[in-house]
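Colleague: sequence first, then the predicted structure:
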Amino acid sequence: MSAPLKVIDMHTGGEPLRIVTAGYPELPKGTILEKRAHVRDHLDDLRKILMFEPRGHFDMYGALLVEPDLPGADLAVLFMHNEGYSTMCGHAIIALGRYAVDQGLVEPQGDRALVNIECPCGMVRAEVAVRDGKAAEVSFESVPSFLFAGDQKLSLEKHGEITFDIAYGGAFYALAGCSQFGLEFGRDPVAAFVEAADQLTRAAHAAIPLSHPDAQDLAFLYGSILTDGQDAFSDQSTRNICVFADRQVDRSPTGSGVTARLAAMHARGQIALGQQRTFESIIGSRFSGSVASVTACGPHPAITAKVSGRAYYSGKTEFIVEDDDPLAAGFLVR
């Protein structure tokens, strides 16, 4: 680490986002997936410094802004977490939309600004509401998302046979109703949801090969989302918890997870084009989501989803590493 790592911290629905503004070396030119591979293979020590203790924590999340490769992109981003690097992150898109307007990277046009963000999964367009000259609510339209495998069944230790879907919303998730695990939101501790979701992720990863028409680098199971089972359209909100990477818990409803849920709902005829649902997180924060368009992704009938939320600033800092600090590289205690 040759220079201090400078960051701006935000949160969306309680989920942290640490935006790296300085301190990384210049990356080689190439596609966003090539940049992701380079950072993973050659600069992973910087991820651990930023995400792990004593500067971060087990559930920290980060965004590294890189040089865009796609035409029309206003910025490009690599996502990082406790295990490695994701391909899509909706809560980060919402925060980065506001950040781009506040930092003057994109100029508003009247009461809104459009921010094209290149992600490892593709281009995602954020629309930022501007009120009194300040960025407010942010919506994004996802990359094509789809139900990959419906009504899958696996037998899990202590829980018996579980029925679940695998859906793609910029990342692949296993989706299952929490009642199958004997769990209920508001009654059972988060730790019980984490244990159940992690068991499902591990079993589904071992049993079901994934593929994506655009790139094999996208074909990995990111985590599991346990829901309240309220998938059919209604005026009531539906609650879920997302457990991803190495048992990391999303405090927000999870933007890419909401997208995956919408794709699965639409494939089952449970939500129509333009109908809106409210998705609630484990801490009660909310995103709104709807099916924005119907499309295809290779052989898969697909949708694009519109997901909306608010992001807020929580800090700004500069991290250093002292040469004689034995814990400088970072550590996790769970």
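Modeller: Noted; the coordinates are in hand. Numbers count the residues shown, from 1 in each chain.
Colleague: C-alpha only now, for contacts and for neighbours.
Modeller: OK.
Colleague: and the residue sitting nearest the centre point of the chain, what pLDDT?
Modeller: Against the mean C-alpha coordinate of the chain, by CA atoms, centre = their mean, the closest residue is residue 89 at 2.6 Å. With respect to pLDDT, residue 89 has a value of 97.
Colleague: contacting residues for the residue lying closest to it once chain neighbours are set aside?
Modeller: Counting by CA to CA, 6 or more residues apart in numbering, the nearest residue to residue 89 once its immediate chain neighbours are dropped is residue 256, at 5.7 Å. Residues counted as contacts of residue 256 (CA atoms under 8 Å, 6 or more residues apart in numbering) are 88-90, 142, 169-171.
Colleague: and for residue 308?
Modeller: 94, 137-140, 287-289.
Colleague: for the residue nearest to residue 89, grab phi and psi.
Modeller: phi -70, psi -30 (degrees, to the nearest 10).
Colleague: go on, the one 3 residues further on?
Modeller: Per-residue torsions, residue 259: phi -60, psi -50 (degrees, to the nearest 10).
Colleague: my guess is it contacts residue 173, does it?
Modeller: No: using CA atoms under 8 Å, residue 259 makes no contact with residue 173, being 10.3 Å away.
Colleague: which one's more surrounded, those two?
Modeller: Per other CA atoms under 10 Å, whichever of residue 259 and residue 173 has more neighbours is residue 259, with 31 against 28.
Colleague: pLDDT score assigned to that one?
Modeller: Residue 259 is given a pLDDT of 98.
Colleague: and the longest helix for this protein?
Modeller: helix 190-207 (DSSP state H).
Colleague: can you give the contact residues for it?
Modeller: So helix 190-207 is contacted by 154, 156, 174, 178, 181, 183, 221, 223-226, 241, 243, 247, 249, 282 (CA under 8 Å, 6+ apart).
Colleague: who wins for most neighbours among the contacts of residue 256?
Modeller: residue 169 (31 neighbours).
Colleague: circling back: among the contacts of helix 190-207, the buried ones, what's the ChimeraX command?
Modeller: Buried subset of the contacts of helix 190-207, written as a ChimeraX selection, criterion 16 or more other CA atoms under 10 Å:
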select :174,178,181,183,221,223,224,225,226,241,243,247,249,282
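Colleague: now, which of the contacts of helix 190-207 lie within strands?
Modeller: Using DSSP state E, 154, 156, 174, 221, 223-226, 241, 243, 249 are the members of the contacts of helix 190-207 that sit in strands.
Colleague: if we can go back for a sec, residue 82: which of the contacts of residue 256 is nearest?
Modeller: Distance ranking of the contacts of residue 256 against residue 82, using CA to CA, places residue 89 first at 14.0 Å.
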